[in-house]
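[1] based on what follows, work out the 3D shape:
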Amino acid sequence: MSEAKETVFIVDDDRSVLKALQRLLAASGLEVASFDSPQAFLENYDCAVPGCLVLDVAMPGLNGLELQQELAARGGALPIVFLTGHGDVPMSVQAMKRGAVDFLTKPVDEKDLLAAIRSSFERGRRLRAAQAELAEIGRRLATLTPREREVLQHIVAGRRNKQVAGDLGIVEKTIKVHRARVMEKMQAESLAELVRIAERAGIRGTPSRD
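    Model (predicted):
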């Protein structure tokens, strides 16, 4: 099934700004969804839809930074471009530290906004690719037997077949069989690739029992 079209979500309590931004982005050929409050956005947002969030900072109730925190708490990874009419430097630093793509002041320059949105889309694509890679690695790991998983941890630690056999109390020939199966199931063409895959999954090498 094809991925949903990238969408620019706009959240701003100023309806005139909301409409102006929606017209601008739609005229640039972008898919746009606008909301006049963070609450309305949260009620309607589908995390399966890729894109970015163009977010006002100062709003009644839940403000922009608080919405950023709420999305992070929910495990959301939507890249955010902040807009503000109040050029607050500490606020912008806080937003960027939390992962915002950009922090633009109103009235926003059209070129700057479009450039920030392009950067957001690109960051989102990289993040989704990384998430998909981790999901695939997890699927491969799930096919390993407990013994194969144990052998993998020894391999990642840099242990040779003879050393692994001694650590696990089995013959070296059996370790070779397990190692070959691990390489096949993890779809690794080389030891270096296997180590990289294991590191991506957060697998630490098992220390020697010597």
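
[2] and residue 62, how far is that from residue 43?
    Residue 62 sits 12 Å away from residue 43, taking CB to CB, to the nearest Å as the criterion. C-betas here are computed from N, CA, C, even on glycine.

[3] same question for residue 152.
    44 Å.

[4] okay, those two: which has more neighbours?
    residue 152 (26 against 9; other CB atoms under 10 Å).

[5] so residue 47 sits against residue 53, correct?
    No: applying CB atoms under 8 Å, one finds residue 47 not in contact with residue 53, separated by 11.6 Å.

[6] of the two, who's got more company?
    Higher neighbour count among residue 47 and residue 53: residue 53, with 26 against 11, using other CB under 10 Å.

[7] in a strand, residue 116, correct?
    No: Residue 116 is assigned helix when assessed by DSSP: H, G, I helix; E, B strand; the rest coil, not a strand.

[8] show me the contacts for it.
    Taking CB atoms under 8 Å, 6 or more residues apart in numbering as the contact definition, residue 116 lies against 81, 101, 102, 104.

[9] so, low pLDDT: which residues of this structure?
    Along the chain, the parts satisfying pLDDT under 70 run over 1-3, 86-89, 205-210.

[10] need the CA coordinates for stretch 182-201. PDB is fine.
    C-alpha atoms of stretch 182-201 as PDB (Å, rounded to 0.1, in the frame of the first residue of the first chain):
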ATOM      1  CA  VAL A 182      22.700 -16.100  11.800                       C
ATOM      2  CA  MET A 183      24.300 -14.500   8.800                       C
ATOM      3  CA  GLU A 184      21.500 -15.900   6.600                       C
ATOM      4  CA  LYS A 185      18.600 -15.000   8.800                       C
ATOM      5  CA  MET A 186      20.000 -11.500   9.400                       C
ATOM      6  CA  GLN A 187      20.700 -11.100   5.600                       C
ATOM      7  CA  ALA A 188      24.200 -10.000   6.200                       C
ATOM      8  CA  GLU A 189      26.800 -10.300   3.400                       C
ATOM      9  CA  SER A 190      29.700  -9.800   5.700                       C
ATOM     10  CA  LEU A 191      30.800  -9.800   9.400                       C
ATOM     11  CA  ALA A 192      31.100  -6.000   9.300                       C
ATOM     12  CA  GLU A 193      27.500  -5.700   8.000                       C
ATOM     13  CA  LEU A 194      26.200  -8.100  10.700                       C
ATOM     14  CA  VAL A 195      27.900  -6.000  13.400                       C
ATOM     15  CA  ARG A 196      26.400  -2.800  11.900                       C
ATOM     16  CA  ILE A 197      22.900  -4.400  11.900                       C
ATOM     17  CA  ALA A 198      23.300  -5.600  15.500                       C
ATOM     18  CA  GLU A 199      24.500  -2.200  16.600                       C
ATOM     19  CA  ARG A 200      21.400  -0.600  14.900                       C
ATOM     20  CA  ALA A 201      19.300  -2.900  17.000                       C
END
